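Q: Sequence and predicted structure are below.
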Amino acid sequence: MFSRLVPSFLYTDVSPDVVETDLDVTSDLWTMDGRDVYRGMRDPRYTHANVYWLYDESMERVGCSEHSLRDHADFRLLWFRDDEFGTLLQEDGWTTDGDLWSKTPRQTFERAVNEGWTTPLKFLAKCLNGPSRIVTTEMIVTKPTFPYCSKCNAYDHGPERVPVVFPKREKVVFVDCDMVVHVPPPTSHVWSRLGFTPQPRHDDGSPACSEAAEPPQAVQSVSPPS
């Protein structure tokens, strides 16, 4: 889950479990962005910001509030979402659309099963010499590297390893570890994360096509306990 306060920072602990510093802590009920939540103690693991985890009435972790080290009033709210891509990028609107195998030719599926390239990384390796790419949340965070021969302009062999590139936006498919396909919302900034340049915009400033380099920051509200 990328920080909204420090966009280069990544939260890797995003399970619903209560963190150790919040065990046996009594918290008042807060209203944040229209949601009733309990706020835990400041998590000392983080130094980029003052981070407080948020819990629902079942004491499941549902997000966090991160406050600037310089100005505690400067804060951002982050929420766990049902979709892992939505959680990572802090975006609503991600949906699922079946699995990858239902969208591939039968002969491709049979070959993948027979040859054992049924995981995202192994499947991606078989796509590299063509325009198609599959992308997981892990690949958004860190682009995987593969052997590459610059002389023959081909992957699968060569003396160097290079990060994967994405030749065509329309050939990118987002999948999870179970090969379920995830579809981004029209305004997703996942494309800029993959290196695509912003698309032309209309005279009113709106995107001429479905891409935004960064989504607008939502207005956030916090009501302290009464």
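A: Ah, there it is. Treat the numbers as computed from the prediction; the structure is a model and nothing was measured.

Q: So for residue 95, what's the nearest residue that isn't a sequence neighbour?
A: residue 183 (4.9 Å; Cβ to Cβ, 6 or more residues apart in numbering). In short, each C-beta sits where N, CA and C put it, glycine included.

Q: Run through the residues that contact that neighbour.
A: Contact analysis of residue 183 by Cβ atoms under 8 Å, 6 or more residues apart in numbering lists 94-97, 174.

Q: how about 7 Å then?
A: Residue 183 is in contact with 94-95, 97, counting by Cβ atoms under 7 Å, 6 or more residues apart in numbering.

Q: buried subset of those?
A: Buried members of the contacts of residue 183, scored by 16 or more other Cβ atoms under 10 Å, are residue 94.

Q: So which of the contacts of residue 183 sit within strands?
A: Assigned to strands by DSSP state E, the following of these qualify: 95, 97.

Q: For the chain, just list every one of the strands.
A: Remark: strands assigned in the chain by DSSP E are 29-32, 35-42, 50-55, 61-67, 75-79, 95-99, 133-135, 145-149, 154-155, 160-163, 172-175, 180-183, 222-223.

Q: which other helices and strands contact the first one?
A: Using 3 or more Cβ pairs under 7 Å, 6 or more residues apart in numbering; DSSP states H and E as the contact criterion, the neighbours of strand 29-32 among helices and strands are strand 35-42, strand 222-223.

Q: Tell me which strands the first one pairs with, and in which orientation.
A: So the one you mean is strand 35-42. strand 29-32 (antiparallel), strand 50-55 (antiparallel) (DSSP bridges).

Q: The residue most central in space within the chain: what's it in contact with?
A: For the chain, the residue nearest the mean C-alpha position is residue 88 (2.7 Å; Cα atoms, centre = their mean). Taking Cβ under 7 Å, 6+ apart, we find residue 88 in contact with 1-2, 137, 140.
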